[in-house]
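In: Predicted model and sequence below, questions to follow.
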Amino acid sequence: MREYKEDILPFYQYLVVPTIIDLKSEDKVDALKELAQTLCRTLKIRKQKPVIEEMLKREEAASTFIGQGLAIPTTRGSIKDDFAIIVGRSIKGINYDAARGALAHLVVLVMSKEADDNRHIELRSEIASFFKSEIIKERLLADSNPVDIVDLVASYKKGTTRIIVPEPKSTAKTRKKSAHPVIASALSLLKELKAEAIVFLADAVEENDFLDAIRTKKKVIIVTSDKSRFEKDDKRFTDLIQAPPFPTSRTGQIKIGILLAISRTLIKKTDKVVCVSGSSTIGVFDTVIALDVEKEFQFFLSATRTILPPDVKPEVLERVLGLASEIAVEGREGKPMGTIFVVGDTNSVNVYVRQLIINPFRGYSEAERNILDPGLDETIKEFSSIDGAFIITGDGIVLSAGSYLRPPADADDISGLPSGFGARHAAAAGITTCSNALAITVSESTGMVSIFKNGSIMLSLAKPVTRSKSSIKLQDGLSIDH
């Protein structure tokens, strides 16, 4: 069952102004002051200067621009609740001093009562997930009409947010009707096979009404690249998993979903599982697959009972895999990028690490180096252009970038690697042979994202040639294309 902290609410419940604020200034400092002053007036904070100075001081220390037109500045103040949030927008854009001249169009100011902690990171992560959604940005930036954020959240979770030309009623009716027979068939198969869980790859559909058709006492697992679509306390499912935002085939979706579910121990090696997937282009569930985990994923489980090293949190794997996928798809400045993330068992790993450059993460607090904080995304992507690896602890603290991996000679045997893999993959295989870490690589030449453990490739995710084509490859060479 899911476990959530009881002392933090969904971000929209901390909104002190329900509607979005249209910012007049196109200058970063002026726009931030404008938003902070509105927040202080609403909260009846008389001494605005300390609040603004704290915000600008933090901004000077580290930019709060996290990419895709979104910035999440923070400050502190004497407030009743733990947090207070206000949202501003600039359709034209704010010069935020970001890399490559990127403009900020949405600014979410978060005021906290206490010092920054893990709750702060969790809140910022939820905010980033929601406002980075293309559907939400489309709705907020389409025009200058007032938008109630709370209403927007509610409509988003119902799948009624997107601004589109209405489809013919007959088409919409057919599309909605077609989903439920697939779900009914999946539930029937779940019962017939006495399977332990049913997994829905939810990115295939825009609306969440499919949850209403689920009638089972078995475990219901939702896998999605956008967790903000769902209420975390929704009783219609038991577990919610963050998937990487990587376009892939139906079978590919299932393999990633099962891998992450195994990493969270939501699924055991002896379980039978029913999976439901589909195409986001069509917008329906159209595929049902029954799996015997031990038989289908024997390689995942052959070396160890669990995929994750004991010190690695599942959400850290999910976040690193998501960043690796974004780097593979987006590159940097239009150019493909390659990098390595080494996660976990850092005491063993650091024995075989030498810095190629001065460590850019040295001297910063752990809170500022936590990979779960969306404010670090752009920094990670920027440093991915540096040769070498990122070394990350199991709880998500980035120890270094530009790190040269030097595994011992007896761990440097790459005979087991598929042909065409180069030095980056050999280093990843080597470091996971002499430690209990995971390594995730992004291939500069192909965009393939690979996960290494115990010197071998657990899973490789190939960058799609087009938006509708992708493949998943396993150690045995199996490739599934659509």
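Out: Here it is on my side, so go on. Values in this document were obtained by computation on a predicted structure and should not be read as measured data. Residues are numbered from 1 along each chain as shown.

In: Going by C-alpha atoms from here, please, whenever you check contacts or count neighbours.
Out: Will do.

In: which helices and strands does the helix or strand hosting Val342 pack with?
Out: For Val342, the element it lies in under DSSP states H and E is strand 339-343. Taking 3 or more C-alpha pairs under 8 Å, 6 or more residues apart in numbering; DSSP states H and E as contact, the helices and strands that strand 339-343 lies on are strand 389-392, helix 423-433, strand 438-442.

In: now, of these, which is deepest in the fold?
Out: strand 438-442 (a mean of 29; mean count of other C-alpha atoms under 10 Å).

In: show me where pLDDT drops low in the chain?
Out: Flagging of the chain using pLDDT under 70 yields the residue ranges 1-8, 99, 114-118, 158-179, 298-306, 411-420, 463-482.

In: next one: whichever strand in it runs longest to chain centre, how far?
Out: The longest strand of the chain (DSSP state E) is strand 83-95. Taking C-alpha atoms, centre = their mean, to the nearest Å, the mean C-alpha location of strand 83-95 is offset from the chain mean by 22 Å.

In: Doesn't Ile222 belong to a helix?
Out: No. Assigned with DSSP: H, G, I helix; E, B strand; the rest coil, Ile222 falls outside any helix and is strand.

In: what sits opposite the closest residue in space to Lys194 that isn't next to it in sequence in the beta ladder?
Out: Spatially, and ignoring its direct neighbours in sequence, Lys194 is nearest to Lys272 (7.7 Å; C-alpha to C-alpha, 6 or more residues apart in numbering). Beta-bridge pairing of Lys272 under DSSP bridges involves Asp292.

In: Check whether Lys272 really touches Ala197, as I assumed.
Out: Yes. Using C-alpha atoms under 8 Å, Lys272 makes contact with Ala197 at a distance of 7.2 Å.

In: Could you dump the helices and strands packed on strand 339-343 into CSV and include distance to Ser277?
Out: Output for the helices and strands packed on strand 339-343, formatted as CSV (distance: least, C-alpha to C-alpha, whole Å):
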stretch, distance to Ser277
strand 389-392, 32
helix 423-433, 31
strand 438-442, 25
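
In: Out of these, which gets nearest to Ile256?
Out: Counting by C-alpha to C-alpha, Ile256 lies closest to strand 438-442 out of the helices and strands packed on strand 339-343; the figure is 13.9 Å.

In: Direction included, what does that closest one pair against?
Out: strand 339-343 (antiparallel), strand 449-453 (antiparallel).

In: all strands of the stretch 351-482 of the chain, in order?
Out: 353-355, 389-392, 398-405, 438-442, 449-453, 456-462, 471-473, 479-481 (DSSP state E, counting those that start in this stretch).

In: re earlier: after the strand holding Val342, which helix or strand is next?
Out: helix 346-349.

In: where's that next one relative to the chain centroid, distance-wise?
Out: 25 Å.

In: Can you mark which positions in it are buried?
Out: Thr346, Val349 (16 or more other C-alpha atoms under 10 Å).

In: now the residue nearest to Arg229 when sequence neighbours are not counted: how far from Val150?
Out: What sits nearest to Arg229 in space, not counting adjacent residues and going by C-alpha to C-alpha, 6+ apart, is Lys157, at 4.9 Å. Lys157 sits 11 Å away from Val150, going by C-alpha to C-alpha, to the nearest Å.

In: now Ala243
Out: Distance from Ala243 to Val150, by C-alpha to C-alpha: 25 Å.

In: Of the two, give the one with the bigger neighbour count.
Out: Applying other C-alpha atoms under 10 Å to Ala243 and Val150 shows that Ala243 carries more neighbours, namely 22 against 16.

In: Excluding covalently adjacent residues, which one is nearest to that one?
Out: Here the residue nearest Ala243, using C-alpha to C-alpha, 6+ apart, is Ser225, at 4.6 Å.

In: before we move on, what about Gly278?
Out: Sequence neighbours aside, Phe285 is the residue nearest to Gly278 in space, at 4.3 Å (criterion: C-alpha to C-alpha, 6+ apart).

In: hey, where'd the strands end up in the stretch 151-300 of the chain?
Out: Under DSSP E, counting those that start in this stretch, the stretch 151-300 of the chain gives strands at 197-201, 219-224, 239-242, 272-279, 284-292.

In: Nearest to Leu39 among those would be which one?
Out: When the strands of the stretch 151-300 of the chain are compared (using C-alpha to C-alpha), the closest one is strand 239-242, at 31.8 Å.

In: chain center to that closest one, what's the gap?
Out: The answer for strand 239-242 is 11 Å, by C-alpha atoms, centre = their mean.

In: can you check stretch 222-237 too?
Out: 13 Å.

In: Just the buried residues of that stretch, please?
Out: For stretch 222-237, using 16+ other C-alpha under 10 Å, the buried residues are Ile222, Val223, Thr224, Ser225, Asp226, Lys227, Ser228, Arg229, Phe230, Lys232, Arg236, Phe237.
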